[in-house]
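Colleague: Provided below are the primary sequence and the corresponding predicted coordinates.
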Amino acid sequence: MIHAILLCSVFATADLLPSDVHSVWSRATHLSSLGRHGAADTLARSQGWARAPEGLVLRATLALGEFADIHEPERLARAEVLLSQADNALEGDTSAKGRYLAMLALSQESYLLSLQGHDLKATLRGREAAAVAQELHEAKIDDPDVLGVLGSYLFWKAQVLGPLRSAFGGDTRATGLAYTERAVASTSPLREIWRTSLLWIRFERKEYALSLKVVRDGLAACPGNRLYRQAEGDVLFRMGRLDEALDRYRASWDEYAGLEAVPVNRQSAAGNLARIHCAAGRMDSARAWIDTLDARRYETARRWLPPSLVRELKPVRSKLGK
């Protein structure tokens, strides 16, 4: 049975992305995961199919990856335009490849909308992406990206619904986790997206040792990935390994110095340093990092901070009278 599934996956992937396109996607997304965003974009734009749907979706994905790392607002605007162009180009395309690319475009649109703070729209777009993924899955197209989109949706939908999940499709979290793990174990060019999804699924399940393994596997595959480094600090903090968590976030604070157009990840490091020092009882250090976070020069960056970090800093601020 396992061999049959794997065989199906190989044929599906070959049909959905031709080998030359798959190769460029792999090289470009790996460059992006290494923080070499300019080289990744140049590679994608140099292809003869750069303005075909497969090129538009790839370039949008790279732009969103760059925004997540260094918060250049132009990259977010670029991704929005490219995804709109991809939607227009794919309209009416009912082929397996067309539906696959539409699924990825919808998934990336969901992520873009979440970055813009449009949570309801992001949820609805994510549901659309999952519906296409389900359609492809039922057609026996067992591609890892189909599993990645579907797995993430199945887990988070059931997780968010809580006790109501039985009335809305049941508890699909185990299936979502299994699909996501299979996507991560694949050779998909988008494997790091699915690895990140797996990381936060494990984190949500409070499986911190497994979360740490996922993030360290990511760092091994993509040395120097700045977002994985921050995630490692967050996991270590949850494990109570405060000194190690401080080391990771100090490194991140230094690493992002002068790098970001809008210093969101640098400020995230400051917020996490405040949180960790507070947990360790070092209130003077916690206050110093909160003061850094609240400095007027970082006002623009603060609106992009992760809502989870803002929430988790409330008790720190309360203790400090901030």
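Modeller: Thanks, I have the structure now.

Colleague: test my guess that Gln85 contacts Leu56.
Modeller: Yes - at 5.2 Å, Gln85 counts as touching Leu56 under the criterion of CB atoms under 8 Å. No exception for glycine: its C-beta is placed from N, CA and C like everyone else's.

Colleague: more neighbours: which of the two?
Modeller: Neighbours around Gln85 and Leu56, counted as other CB atoms under 10 Å, are more numerous at Leu56. The numbers are 25 against 18.

Colleague: so the more buried one is in which element?
Modeller: helix 53-70 (DSSP states H and E).

Colleague: which other helices and strands contact that helix?
Modeller: helix 19-33, helix 37-45, helix 73-90, helix 96-115, helix 226-238 (3 or more CB pairs under 8 Å, 6 or more residues apart in numbering; DSSP states H and E).

Colleague: any buried residues in the next helix or strand along the chain from the longest one, and which?
Modeller: Scanning the chain past helix 96-115 towards its C-terminal end, the next helix or strand to appear is helix 119-138 (assignment: DSSP H and E). Using 16 or more other CB atoms under 10 Å as the test for burial, helix 119-138 gives Ala122, Thr123, Arg125, Gly126, Glu128, Ala129, Ala130, Val132, Ala133, Gln134, Leu136, His137.

Colleague: quick one: average confidence on the helix or strand that helix 119-138 is followed by?
Modeller: Counting by DSSP H and E, the next helix or strand C-terminal to helix 119-138 is helix 144-161. For helix 144-161, the mean per-residue pLDDT is 95.

Colleague: kindly export the helix or strand just after helix 144-161 (C-alpha atoms) in CSV.
Modeller: Downstream of helix 144-161, the first helix or strand assigned by DSSP H and E is helix 173-184. C-alpha atoms of helix 173-184 as CSV (Å, rounded to 0.1, in the frame of the first residue of the first chain):
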residue,chain,number,x,y,z
ARG,A,173,-6.4,17.1,13.5
ALA,A,174,-4.6,13.7,13.4
THR,A,175,-5.2,13.5,9.6
GLY,A,176,-4.0,17.0,9.2
LEU,A,177,-0.8,16.3,11.1
ALA,A,178,-0.2,13.1,9.1
TYR,A,179,-0.6,14.9,5.8
THR,A,180,1.7,17.7,6.8
GLU,A,181,4.4,15.2,7.9
ARG,A,182,4.2,13.6,4.5
ALA,A,183,4.6,16.9,2.8
VAL,A,184,7.7,17.7,4.9
